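Colleague: Sequence unavailable; structure follows:
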């Protein structure tokens, strides 16, 4: 059974989009600064079946290649789906489960890489785990991080911190509540334009298993 | 002339205190989790003239020793002063300039390590630079980071990120506005219980020097 991991790129001040994000404005005002690291190195990484080529540092390339081999299913929030749908060339890498209240009928057809899940994050993770088999489930929407952490669903968190201050936008960490959540640092790799951090979520499994 | 640097310990979710911080509650609820890294290693670092001994990892010890040799003056906000004053054993390392609206008369006496500055951050930095000589001025209050960045006063930012989620409290990055601020990553050093990040602030000096 694979792990459930969260992976996202975030500004140093904690935003995953700039202000005014949405289908018409992708990552928000200035949000493209988040992904300069995808094109600021010399090592080429083809993605989306070769339709796009990232150019990153050797350090980042090594991590990207490693993680691409372990991803078995994606879990997105509806906003990520809407933004990605509006952005050509960003199909999901793997079977993709979209947590949503309403199903966009034009995408809910046979052969679609998307499965729309209307009964919550736990159901989405369960279905994604089945689809991923031995590989990992990757969650990559900020609001789902909050839901996953509260529900104890995550094994690891990978955050790519870019040296950019966006000032406003969608915060990665919001409404977590103050029930202590402990993490263990498992990775800190600095590349010139991004720092790759990794954390293991320390679950209180004993507590959960008590009657 | 030394640099003006900012240095603080922050939770992964961006808080420098837990909720309900104040003179009576130090770093807020659960805020002591921020500084577990001070006592989670085996390398001893005496501070406060030996009245306190940190026990950190070898990686952290090297950085702490290096920075302690370069600090020439501190700049604090009033809240930091109030919390530190309530917390015995935390005298300033160096001459300390406190940005405040009102002067606490009991501390404004000859021989006090504190100078109270009522005419704003630029004045505090100017006075601190004079006191520091060739050494660095260290700012370590979240609200002053915002003021310093907006005023273009900072050269470098050092953030010690701990693998802890506090959920609420005083945010490090708040009210920055959305004028783009560019940084350059200069350090990413992972230790077991803290990740030391460093950034150079890219100043638009040409722009500032134009008439």
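Modeller: Nice, thanks for sending it over. Everything quoted here is computed from the prediction, not taken from an experiment.

Colleague: Which pLDDT value does the model give the residue nearest the centre of chain A?
Modeller: Per Cα atoms, centre = their mean, the C-alpha nearest to the average position across chain A is that of residue A:140, at 1.7 Å. Looking at residue A:140, its pLDDT is 90.

Colleague: what element comes up after whichever strand in chain A runs longest heading to the C-terminus?
Modeller: With residue count as the measure and DSSP state E as the assignment, chain A has strand A:181-191 as its longest strand. Past strand A:181-191, heading to the C-terminal end, the next element that is a helix or strand (DSSP states H and E) is strand A:194-202.

Colleague: Would you mind pulling up the elements that the helix or strand harbouring residue A:5 packs against?
Modeller: If you go by DSSP H and E, residue A:5 is part of strand A:4-11. Judged by 3 or more Cβ pairs under 8 Å, 6 or more residues apart in numbering or on different chains; DSSP states H and E, strand A:4-11 is in contact with strand A:136-139, helix A:142-151, strand A:156-162. For glycine as for every other residue, the C-beta is placed from the backbone atoms N, C-alpha and C.

Colleague: What lies in contact with the helix or strand just after the last one?
Modeller: Translated: strand A:156-162. Tracing the chain C-terminally past strand A:156-162 and defining elements by DSSP H and E, one meets strand A:164-165 next. Contact partners of strand A:164-165, identified using Cβ atoms under 8 Å, 6 or more residues apart in numbering or on different chains, comprise A:11-13, A:33-34, A:36, B:149, B:173, B:176, B:180-183.

Colleague: What distance do you get for residue A:127 to residue A:146?
Modeller: When Cβ to Cβ, to the nearest Å is the yardstick, residue A:127 and residue A:146 sit 20 Å from each other.

Colleague: wait, is residue A:36 part of a helix?
Modeller: Yes - with DSSP: H, G, I helix; E, B strand; the rest coil as the criterion, residue A:36 is assigned to a helix.

Colleague: wait, what's in contact with it?
Modeller: With contact taken as Cβ under 8 Å, 6+ apart, residue A:36 is in contact with A:162, A:164, A:193.

Colleague: Kindly report the same for residue A:151.
Modeller: Neighbouring residues of residue A:151 by Cβ under 8 Å, 6+ apart: A:121, A:122.

Colleague: go again using 10 Å as the cut-off
Modeller: A:120, A:121, A:122, A:125 (Cβ atoms under 10 Å, 6 or more residues apart in numbering or on different chains).

Colleague: same question, residue A:173
Modeller: With the criterion set at Cβ under 10 Å, 6+ apart, residue A:173 makes contact with A:10, A:14, A:16, A:142, A:145-146, A:149, A:159, B:11-15, B:165-167, B:171.

Colleague: my read: residue A:104 touches residue A:23, true?
Modeller: No - assessed by Cβ atoms under 10 Å, residue A:104 is found out of contact with residue A:23, at 11.6 Å.

Colleague: shared neighbours, these two?
Modeller: Counting by Cβ under 10 Å, 6+ apart, the shared contacts of residue A:104 and residue A:23 are A:81, A:82, A:85.

Colleague: By pLDDT, give me the weakest of those residues.
Modeller: Summarising pLDDT for the shared contacts of residue A:104 and residue A:23: the lowest-scoring member is residue A:85, with 75.

Colleague: So which bits of whichever strand or helix holds that residue are buried?
Modeller: For residue A:85, the host element (DSSP H and E) is helix A:78-86. Neighbour-count burial for helix A:78-86, with 16 or more other Cβ atoms under 10 Å in any protein chain shown as criterion, is recorded at A:78, A:79, A:80, A:81, A:82, A:83, A:84, A:85.

Colleague: which is the next helix or strand following it?
Modeller: Read in the C-terminal direction, the helix or strand following helix A:78-86 is strand A:96-99, with elements assigned using DSSP H and E.

Colleague: re the thing from before, can the shared contacts of residue A:104 and residue A:23 go into a markdown table with extra columns for distance to chain B?
Modeller: Shown next, in a markdown table, are those (distance: Cβ to the nearest Cβ, whole Å):
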| residue | distance to chain B |
| --- | --- |
| A:81 | 25 |
| A:82 | 23 |
| A:85 | 26 |
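
Colleague: quick check, nearest of the residues you listed to residue A:98?
Modeller: For residue A:98, the closest of these turns out to be residue A:81, at 4.6 Å, with distances computed as Cβ to Cβ.

Colleague: Look up the closest residue to that closest one, ignoring the ones flanking it.
Modeller: For residue A:81, the nearest residue in space outside its immediate sequence neighbours is residue A:98; the separation is 4.6 Å by Cβ to Cβ, 6 or more residues apart in numbering or on different chains.

Colleague: thought the one you found was touching residue A:83?
Modeller: No - between residue A:98 and residue A:83 no contact is recorded; they are 11.8 Å apart, counting by Cβ under 10 Å.

Colleague: residues shared between the contacts of these two?
Modeller: Counting by Cβ under 10 Å, 6+ apart, the residues touching both residue A:98 and residue A:83 are A:76, A:77, A:141.

Colleague: For chain B, state which of those is nearest.
Modeller: Nearest to chain B among the shared contacts of residue A:98 and residue A:83, counting by Cβ to the nearest Cβ, is residue A:141 at 16.4 Å.

Colleague: who touches the closest residue in space to that closest one that isn't next to it in sequence in this structure?
Modeller: Nearest residue to residue A:141 in three dimensions, chain neighbours excluded: residue A:77, at 3.4 Å (Cβ to Cβ, 6+ apart). By Cβ under 10 Å, 6+ apart, residue A:77 lies in contact with A:83, A:98-100, A:121, A:124, A:139-145, A:147.

Colleague: could you redo the last one with a cut-off of 8 Å?
Modeller: The neighbours of residue A:77, taking Cβ under 8 Å, 6+ apart as the test, are A:98, A:99, A:100, A:141, A:142, A:143, A:144.
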